[in-house]
Each structure stands twice: as C-alpha cells, then as structure tokens.
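> pasted the sequence and its predicted model underneath.
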Amino acid sequence: MFDEVAPTYDKTNDLLSFGQSRLWRGIVAKAVDPKSGQSVLDMAAGTGSSTVAFTRPGVRLVAGDFSEGMLAEGRKRHPEIEFVFADATKLPFKAKEFDATTISFGLRNVVDVEAALSEMFRVTKSGGRIVICEFSKVTNPVLRPFYNFYLRKVLPAFSSLASKTPEAYAYLSESIDAWPDQRTLAAKIEKAGYEKVTFRNLSFGIVAIHVGFKPKASK
C-alpha cells in the first residue's frame, strides 16, 4: 500500500492536513534538537520529508522504513540522507548507536508497538532521547465531534479525489480512530524503559509529540 502511494504521499498529506504537517515537522525537529557529532535515527521516514528537517552540520541522519517504494523515492529526492530498509520491531542497528531515535506518524502502523519501542530503546545511547509524533485524541470537547466527522467522512472522500490509492487513506482514518490517547502512549514509552516522559498536544490534540530519555546508567 505504501509502495503505491510513495510518489504523491507528501503532497497528499500536506493537502489533507491543510499545511499543518510542515509545522509539525518543525516542532519535532526542535524536540530532537540534533547537535554536530550526533546520530539521529528517523523511523517510518518514508521519502525522507521528516528526516530532512533534522539536517544540521556534522549530524548523521539515518532514515529507516519498511516500504521499499518509499525508500526508493526518498533516495531520489534526498541523496544526502542514508536510507535503510528497517523493520521497526527488529532494527538492523547496533545497541546505543544513536543519540536520538524518532518516529513520526508511523508507530500506529507497526504490528507490535511494544517491540518497536523496545528496539528504539536498545539502539538509543544512554542519556539519549526518543521523540514520537503521532495522531492522538482531540482534547477540546467542542471540536471533537467536528474532527471525528472529518476523520470518518470527509478525509476518505477527499482522499479519493487527491490520491490514486484512496484505500490507503481509508486505512489512515481507521488507524487514527483506534490509536490510544496521549497518557496511554506515555505509559507504553515508560514501560519500554524511558524516563522523564512528557507529551505536548498540537492542533488541539489532533497530534501529540511525546519525548522520553534513556537513563544514563542503562545498558
């Protein structure tokens, strides 16, 4: 499914989010806060539109994804980024290889979320961080029914016009609807071993950014 939508994926996402996706990427980049000499792993990176936001002098960027179609498109667009085929539940990287691991709008697509969080913990250096940007639950009770209507009715109809693969976006609305709320995800991140876990709501909770740190004494 993701292989098929790769060429138009970023443009469609910008359209369906009314341009908010670019704003969210910028906020994620500030949360990751890469420094010269550091390595950043961006999982579910797709075509690299999220990864390129972390570009800084002297920073190693690795974009991992499970879709060969997305990776192929990413390599054409961003030859300066290292693209790697990677299963989030069995990462092909060494322990403590990255100063930061991040995943945007991809964790809910992983078959085993706990395993993915555990693997991201394994490859993160002691004292390093995890940053997760994911669709979440709208906190405003007035806005919530309108958002739910958009998610279940408008988005699938809109995507049928904007995309040649509308079933991918029908799946999108279903996966968002089934995803746990902010506090539940924070608890999962803590269970994986991270500490000082916090979250920040964006766009009234349509999206939430979770940040956690690997204890400095961790193996």
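Arrived safely, thanks for sending. Numbers count the residues shown, from 1 in each chain.

> what does the top strand by length along the chain contact?
The single longest strand within the chain, with elements called by DSSP state E, is strand 124-135. Strand 124-135 has contacts (Cβ atoms under 8 Å, 6 or more residues apart in numbering) with 24, 27-28, 31-32, 96-105, 107-108, 117, 120-121, 176, 179, 185, 189, 194, 206-219. (Glycine included, C-beta is placed from N, CA and C.)

> strands - which of these land there?
Reading strands off the contacts of strand 124-135 with DSSP E, I get 98-104, 207-213.

> residue contacts, the residue most central in space within the chain?
Central residue of the chain (Cα atoms, centre = their mean): Ser104, 1.1 Å from the mean position. Counting by Cβ under 8 Å, 6+ apart, Ser104 touches 24-25, 28, 42, 44, 50, 132-134.

> where does Val197 sit, in terms of helix or strand?
Assigned by DSSP states H and E, Val197 falls within strand 195-202.

> just give me the closest of the ones in strands among the contacts of strand 124-135 to Arg152.
Within the ones in strands among the contacts of strand 124-135, proximity to Arg152 (Cβ to Cβ) peaks at Val207, which comes in at 17.6 Å.

> that closest one - how many residues pack around it?
24 (other Cβ atoms under 10 Å).

> and it, what pLDDT?
We have a pLDDT of 92 for Val207.

> against Ser118, how distant is it?
24 Å (Cβ to Cβ, to the nearest Å).

> go on, Arg60?
For Arg60, the distance to Ser118 (Cβ to Cβ) stands at 23 Å.

> circling back to that earlier point, output the next helix or strand after the longest strand of the chain as PDB - backbone C-alpha positions only.
Once strand 124-135 ends, the next helix or strand along the chain (criterion: DSSP H and E) is helix 144-149. Extracted in PDB, the C-alpha atoms of helix 144-149 (Å, rounded to 0.1, in the frame of the first residue of the first chain):
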ATOM      1  CA  ARG A 144     -14.000  16.700  19.000                       C
ATOM      2  CA  PRO A 145     -17.300  15.800  17.100                       C
ATOM      3  CA  PHE A 146     -16.300  18.000  14.100                       C
ATOM      4  CA  TYR A 147     -12.900  16.300  14.000                       C
ATOM      5  CA  ASN A 148     -14.400  12.900  14.200                       C
ATOM      6  CA  PHE A 149     -16.700  13.800  11.300                       C
END
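
> what comes up buried for helix 144-149?
Neighbour-count burial for helix 144-149, counted by 16 or more other Cβ atoms under 10 Å, picks out Tyr147.
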